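Engineer: Sequence first, then the predicted structure:
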Amino acid sequence: EAGVTQFPSHSVIEKGQTVTLRCDPISGHDNLYWYRRVMGKEIKFLLHFVKESKQDESGMPNNRFLAERTGGTYSTLKVQPAELEDSGVYFCASSQAQIRTDTQYFGPGTRLTVL
Amino acid sequence: AQSVTQLDSQVPVFEEAPVELRCNYSSSVSVYLFWYVQYPNQGLQLLLKYLSGSTLVKGINGFEAEFNKSQTSFHLRKPSVHISDTAEYFCAVINTGGFKTIFGAGTRLFVKA
């Protein structure tokens, strides 16, 4: 069974540009989460999808970030326009059941560098 | 609001020695507690979790953790580490009323030969 995959693994862009990160969860997992880790600090929750619906987006930093999960399968996270402080590693995770203790399976992350 | 503090950013240890990675949390409500491990170039992997019941939780790869409610701690231990345990370890909590996972800043474990 394939795990959670994320694309790209690395992205280097200039301030003001747009970047779209993609996450493919494990097949059949209704729950999808986005997290971000900035420069060795704690991993911070961004948002949680249940199928195609946003269950909790309280961690999204501002309106430059837009997450979508059309059809309840893969998800994209767009940053537009990117700022220097958006640099970090963006992780995606998925879980099968809508139980808060269900194991979340993480992807390897996308390292975003904004110059 | 919840918070998680991992008291050591880096822990160097010799192979076959015991290790303890410390984690304290703060929360006004009940929480579930987790430890994750991240090996280089990989995603986070669940090591163990405490939901209820016995305060000593055993996980994968010989790790265990003990929940101490009075000290609000959830320290991770292994009696004898291997080179392959070199990784970053994250303590995390979820409050019993939501789905948002709160992580600590991570502890890098370096196992030396």
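Structural biologist: Perfect, thanks for sending it. Residues are numbered from 1 along each chain as shown, chains lettered A, B, ... in the order given.
Engineer: C-alpha from now on. contacts and neighbour counts both.
Structural biologist: Fine.
Engineer: ok, and the spatially most central residue of chain A, which helix or strand is that part of?
Structural biologist: By Cα atoms, centre = their mean, chain A has its centre lying nearest to residue A:34, at 3.3 Å. In this structure, residue A:34 sits in strand A:31-37 according to DSSP states H and E.
Engineer: how far does that strand sit from the chain's center?
Structural biologist: 5 Å (Cα atoms, centre = their mean, to the nearest Å).
Engineer: what residues does chain A put near chain B?
Structural biologist: Counting by Cα under 8 Å from any Cα of the partner chain, the residues of chain A lying close to chain B are A:40-45, A:48, A:91, A:100-101, A:103-109.
Engineer: Could you turn the buried ones of those residues into a PyMOL selection?
Structural biologist: The PyMOL command for the buried members of the residues of chain A next to chain B (criterion: 16 or more other Cα atoms under 10 Å in any protein chain shown) is given here:
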select buried, chain A and resi 42+43+44+45+48+91+100+101+103+104+105+106+107+108+109
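Engineer: circling back: distance of the residue nearest to the centre of chain A from chain B?
Structural biologist: 10 Å (Cα to the nearest Cα, to the nearest Å).
Engineer: any idea of the pLDDT on that residue?
Structural biologist: Confidence at residue A:34, expressed as pLDDT, is 97.
Engineer: thought it was touching residue A:47?
Structural biologist: Yes. Taking contacts as Cα atoms under 8 Å, residue A:34 lies within contact range of residue A:47: 5.5 Å.
Engineer: buried stuff in the strand holding residue A:34?
Structural biologist: A:31, A:32, A:33, A:34, A:35, A:36, A:37.
Engineer: Neighbours of the closest residue to the second one other than its chain neighbours, how many?
Structural biologist: Distances taken as Cα to Cα, 6 or more residues apart in numbering or on different chains put residue A:94 closest to residue A:32, at 4.4 Å, once the chain neighbours are dropped. Around residue A:94 there are 28 other residues, counting by other Cα atoms under 10 Å in any protein chain shown.
Engineer: what's near enough to touch residue A:94?
Structural biologist: For residue A:94, the contact set (Cα atoms under 8 Å, 6 or more residues apart in numbering or on different chains) comprises A:4, A:25, A:26, A:29, A:30, A:31, A:32, A:33, A:104, A:105, A:106.
Engineer: For the fifth one, give me its contacts.
Structural biologist: This points to residue A:30. A:49, A:50, A:51, A:72, A:73, A:94, A:95, A:96, A:97, A:98.
Engineer: again, 7 Å this time
Structural biologist: A:50, A:51, A:95, A:96, A:97 (Cα atoms under 7 Å, 6 or more residues apart in numbering or on different chains).
Engineer: got it, and the fourth one?
Structural biologist: Contact partners of residue A:29, counting by Cα under 7 Å, 6+ apart, are A:94, A:95, A:96.
Engineer: wait, which of the buried residues of strand A:31-37 is closest to residue B:6?
Structural biologist: Closest to residue B:6 out of those is residue A:37 (15.3 Å), distances taken as Cα to Cα.
Engineer: Quick check: pLDDT value at the closest residue to that closest one other than its chain neighbours.
Structural biologist: Using Cα to Cα, 6+ apart and skipping residues adjacent in sequence, the residue nearest residue A:37 is residue A:43, 4.4 Å away. Residue A:43 is assigned 94 on the pLDDT scale.
Engineer: OK, contacts around residue A:43?
Structural biologist: Here residue A:43 is in contact with A:35, A:36, A:37, B:103, B:105 (criterion: Cα under 7 Å, 6+ apart).
Engineer: What about the residues of chain A next to chain B, which are in strands?
Structural biologist: A:43, A:44, A:45, A:48, A:91, A:105, A:106 (DSSP state E).
Engineer: Sounds good, over and out.
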